[in-house]
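*Asks:* Below are the sequence and a predicted model; questions follow.
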Amino acid sequence: MSRLLQPLARSVTYTRWLHLLIPGAGYSVWVFISPDSPWMPMLFAVPVGLLPGMRLAEGVQAQLLLAPDDRGRADPSISAASAGSWADRWRTVLWLEMRLIFAAPIWYATVWLPASATDLVLTAFGRAPSDDWLIRGWEPHWWFGLLAPVPLLVLLPLIVTTGRLVTATARWLLGPSPVQRLTALEERTEQLLERNRIARELHDSIGHALTVAVVQAGAARAAGDPVFTERALAAIEETGRDALDDLERVLRVLRESEAPVGQRPTLVEADRLLDSARGSGAKIDADMSGPLGQVPGAISREGYRILQESLTNVLRHAGSVPVRVRIAVAEGRLELEVTNPLTDTSADLGGGSGLRGIRERAALLGGRATTGPYEGEWRVQAVLPLNGLRIAL
């Protein structure tokens, strides 16, 4: 029994009832003005439904009254957008026609059934029966009062059932079109990619800065040389400033989704990374060839991050070891390679998020990246096509 009464305790039942009554009220006014043409509202719904903005108005109203849980969802079952095609317009026309069809019986039942219940109560107290067909021709009697709840018991399930039917119809006719679903999916994908990119940015820039600071501080403490300590503190200060600049830029991107990416560092600034690694004790042997300044911005920016993460891994897991860096631009592609001697901790790097980020960056640009032991050394190698086309593995 409680299951049957549960819909009556939900507010959406009554908002759906209101939604059904709205066109019924307009229809009843029209019938009162022009009783000889009750079909005119159905005809008038055609040009109105073809207006692009009508779909937006109906969608908002349906979301608020029929499916309030859809409000604010990324993938609502009822769309609140203007018609973008003729198919959407004709679906809106059909929806308006269905609204009128659903509204007619509910409006009549809402007016007639409570009136019948009232008439039964009055008749039980001796008033002559009205023209209501339920009790027409009957003599007044007290037991008519026992029948008074019957019209209301009929009205309530009728409201619940019709409300569910009109909601299902709205989801069918006002639901997102295939184009809208595809657009929403693309926007969601873009948001996820942007979030992953920001996570990689924070991991690469802040992780690099902290690694350099830790290595520098440890080396200064072990050296016991005031000159070296002063140089280490200066390197930590510079790296900290760079990290703060990167953090501010990433936070700006989070605050402003339209923020430009042109301020992100590129491979033209690779010397800054190399000097930072050298200041941490690494022995960098760098070989850069080709027109780095002519590398497309997206390729150059991601290349910078790949180099940064590679050097961070060296400092974090290998310490002050010789490192060979080779950056070359030739034959329509950018080649970046960082190698260092293998250490005992290098074998456990394969599943790290930093190395995974390197491979993801390369894959998004249509290139490839390999990380791992190679001929007795640890090597990070990335090959990125300058034209954005995927190259053969």
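*Replies:* Arrived safely. Values in this document were obtained by computation on a predicted structure and should not be read as measured data. Numbering: from 1, shown residues only.

*Asks:* Domain parsing of the protein, as residue ranges.
*Replies:* 2-176, 182-385 (automatic domain parsing).

*Asks:* mind listing the strands for the chain?
*Replies:* Counting by DSSP state E, the chain has strands at residues 283-289, 322-330, 333-341, 368-374, 377-385.

*Asks:* closest to Arg91 out of those strands?
*Replies:* strand 377-385 (44.2 Å; CB to CB). Where C-beta positions appear, they are placed from N, C-alpha and C, glycine not excepted.

*Asks:* What residues does Ala277 make contact with?
*Replies:* 212, 284, 311, 314-315, 323 (CB atoms under 8 Å, 6 or more residues apart in numbering).

*Asks:* rewinding a little: which of the domains of the chain has the lowest mean pLDDT?
*Replies:* Ranked by mean pLDDT, the domains of the chain end with domain 182-385 at the bottom, a mean of 76.

*Asks:* Can you give the distance from that domain to the centre of its chain?
*Replies:* In terms of CA atoms, centre = their mean, to the nearest Å, the centre of domain 182-385 is found 29 Å from the chain centre.

*Asks:* And stretch 50-60, by the same measure?
*Replies:* 24 Å.

*Asks:* Show me which positions of that stretch end up buried.
*Replies:* 54-56, 58-59 (16 or more other CB atoms under 10 Å).

*Asks:* wait, which of those residues is closest to Ile101?
*Replies:* Glu58 (14.9 Å).

*Asks:* Tell me how far the closest one lies from Leu50.
*Replies:* Glu58 is 13 Å from Leu50, where distance means CB to CB, to the nearest Å.

*Asks:* any residues in contact with both of those two?
*Replies:* The contact sets of Glu58 and Leu50 overlap at Thr92 (CB under 8 Å, 6+ apart).

*Asks:* picking that back up, ok, which of the strands of the chain comes nearest Ala87?
*Replies:* Judging the strands of the chain by CB to CB, what sits closest to Ala87 is strand 377-385, at 40.0 Å.

*Asks:* now the angle from the closest one to strand 322-330?
*Replies:* 20 degrees (axes from the mean of the first three to the mean of the last three CA atoms, to 10 degrees).

*Asks:* Strand 377-385 pairs with which strands?
*Replies:* Here strand 377-385 is paired, per DSSP bridges, with strand 333-341 (antiparallel), strand 368-374 (antiparallel).

*Asks:* how near is the residue lying closest to Pro149 once chain neighbours are set aside to Ser37?
*Replies:* Of all residues not flanking Pro149 in the chain, Ala117 sits nearest, at 7.0 Å (CB to CB, 6 or more residues apart in numbering). Computed as CB to CB, the Ala117 to Ser37 distance reads 32 Å.

*Asks:* neighbour-wise, which of those two wins?
*Replies:* Set Ala117 next to Ser37 and count neighbours by other CB atoms under 10 Å: Ala117 wins out with 19 against 11.

*Asks:* Now that the more buried one has come up, it's in contact with Pro151, right?
*Replies:* Yes - shown here, Ala117 and Pro151 form a contact pair, counting by CB atoms under 8 Å, at 4.5 Å.

*Asks:* how close does Ser79 get to Leu174?
*Replies:* Counting by CB to CB, the gap from Ser79 to Leu174 is 6 Å.

*Asks:* what does Ala222 give?
*Replies:* Computed with CB to CB, the distance linking Ala222 and Leu174 is 70 Å.

*Asks:* Of the two, give the one with the bigger neighbour count.
*Replies:* Ranked by neighbour count (other CB under 10 Å), Ala222 and Leu174 place Leu174 first, with 25 against 9.

*Asks:* Does that one touch Ser82 like I think?
*Replies:* No - judged on CB under 8 Å, Leu174 makes no contact with Ser82 at a distance of 12.0 Å.

*Asks:* Give the residues shared as contacts by the two.
*Replies:* What both Leu174 and Ser82 touch, as defined by CB under 8 Å, 6+ apart, is the set Arg55.

*Asks:* where along this protein do the helices fall?
*Replies:* 2-5, 11-33, 40-49, 52-65, 86-124, 144-147, 149-173, 178-223, 226-255, 270-279, 297-317, 353-364 (DSSP state H).

*Asks:* what packs against the fifth one?
*Replies:* Spelled out, it's helix 86-124. Of the remaining helices and strands, those touching helix 86-124 by 3 or more CB pairs under 8 Å, 6 or more residues apart in numbering; DSSP states H and E are helix 11-33, helix 40-49, helix 52-65, helix 144-147, helix 149-173.

*Asks:* And that helix, how far out from the chain middle?
*Replies:* That offset, for helix 86-124, works out to 38 Å (CA atoms, centre = their mean).

*Asks:* Enumerate the positions of that helix that are buried.
*Replies:* 88-89, 91-100, 102-104, 106-107, 109-110, 113, 116-117, 119-120, 122-124.

*Asks:* Check the last one too.
*Replies:* By neighbour count, and taking 16+ other CB under 10 Å as the criterion, the buried residues in helix 353-364 are 354-355, 357-362.

*Asks:* could you dump those to a markdown table with distance to Gly332?
*Replies:* Converted to a markdown table, the buried residues of helix 353-364 look like this (distance: CB to CB, whole Å):
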| residue | distance to Gly332 |
| --- | --- |
| Gly354 | 28 |
| Leu355 | 26 |
| Gly357 | 25 |
| Ile358 | 21 |
| Arg359 | 21 |
| Glu360 | 22 |
| Arg361 | 19 |
| Ala362 | 16 |
